[in-house]
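A.B. asks: Predicted model and sequence follow; I will ask about them next.
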Amino acid sequence: MAAVLEVRDLFASYRKNAVLEDVTFEIRPGTLTAIVGPNGAGKSTLLKTLLDQHPRLSGDVSFFGSAFRKVKSRIGYVPQRGSVDWDFPTDALDVVTMGLYGKIGWLRRPGRTHKELAMRALSEMGMADYAGRQISQLSGGQQQRVFLARALAQDAELYMLDEPLAGVDAVTERVIMDTLQRLKSQGKTVMVVHHDLQTVEDYFDRVLLLNRTVVAHGTTAEAFTRERLSAAYGGMLRWLEGKSG
């Protein structure tokens, strides 16, 4: 099957500091991929660069065989929670409805059908009862569920999430992962920047191990090994003691 995402020889920097160097990989449809690497490895920058939110110095990026701007309605993105202005005066339902503006058009008001789609997405995330709640009044886990609901409402084919499990409670983590695994079972493609190495093998079927460049990419069994993690993190990790591979 054709790749959902193809990245070739991607370079990016902040000021004069290289962040991504010669990054090359492909993402196939129907996969659930963890993007893993140490702090400063360029994981969040990778997503932003792929989505034209950060300039690339060179390289080629293709979604569904086209440039991002031509197929962006087919891609759902959930940024890091810390990058969002949660004091903006809006409620949860409006936040989710905003995810539909690509289909509605920015100069048109959402209709009843759009509100129903947004409510359905909130229900999927267990947040229907909070539809009228101001987002500033929600807990961190609830805010994360609302933003994932916004992506779900788009009915995208590729979902890209930047640390959706960071700082959330155990119940929210389970809800999010159940949702992502359900998307995969429906043939959707999911990429997740993930920080908890101990849950990678339980949650993901593929791993993109990144430290400015691609250290390894493949099935979790292939890419998530002691040797490759040691190469990416610069040494053996304590949690790996006693693990095979």
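C.D. replies: That came in fine, so what should we check first?
A.B. asks: Look at residue 156 and give its secondary structure.
C.D. replies: coil (DSSP: H, G, I helix; E, B strand; the rest coil).
A.B. asks: For it, grab phi and psi.
C.D. replies: The phi and psi values for residue 156, taken as degrees, to the nearest 10, are phi -80, psi 170.
A.B. asks: for residue 188, same thing?
C.D. replies: Main-chain torsions, residue 188, degrees, to the nearest 10: phi -80, psi 160.
A.B. asks: next helix or strand past the helix or strand of the chain with the lowest mean pLDDT?
C.D. replies: Ranked by mean pLDDT, DSSP states H and E, the weakest helix or strand in the chain is helix 101-104, scoring a mean of 54. Downstream of helix 101-104, the next assigned helix or strand under DSSP states H and E is helix 112-124.
A.B. asks: Give me the contacts around that following helix.
C.D. replies: In this structure, residues lying in contact with helix 112-124 by Cβ atoms under 8 Å, 6 or more residues apart in numbering are 92-93, 96-97, 99-100, 103-104, 110, 128, 130-131, 146, 149-150, 152-153, 179. From N, CA and C alone the C-beta is placed, and that goes for glycine too.
A.B. asks: For this protein, which segments count as helices?
C.D. replies: 43-50, 68-71, 92-98, 101-104, 112-124, 140-153, 170-185, 200-203, 220-223, 226-233 (DSSP state H).
A.B. asks: Go through those and find the least confident stretch.
C.D. replies: Looking at these, the lowest mean pLDDT belongs to helix 101-104 (a mean of 54).
A.B. asks: List the beta-bridge partners for the residue sitting nearest the centre point of the chain.
C.D. replies: Centroid-nearest residue in the chain, with Cα atoms, centre = their mean: residue 161, separated by 1.4 Å. Per DSSP bridges, the residues bridged to residue 161 are residue 78, residue 192.
A.B. asks: pLDDT score for it?
C.D. replies: Looking at residue 161, its pLDDT stands at 96.
A.B. asks: Also the one 5 residues further on?
C.D. replies: Listed pLDDT for residue 166 reads 90.
A.B. asks: And for residue 190?
C.D. replies: 98.
A.B. asks: Isn't it up against residue 35?
C.D. replies: No: here residue 190 does not reach residue 35: they are 10.9 Å apart, not a contact under Cβ atoms under 8 Å.
A.B. asks: how much space between residue 124 and residue 182?
C.D. replies: Per Cβ to Cβ, to the nearest Å, residue 124 is found 9 Å from residue 182.
A.B. asks: now swap in residue 120 and tell me
C.D. replies: If you go by Cβ to Cβ, the gap between residue 120 and residue 182 works out to 14 Å.
A.B. asks: try residue 122
C.D. replies: If you measure residue 122 against residue 182 using Cβ to Cβ, the figure is 16 Å.
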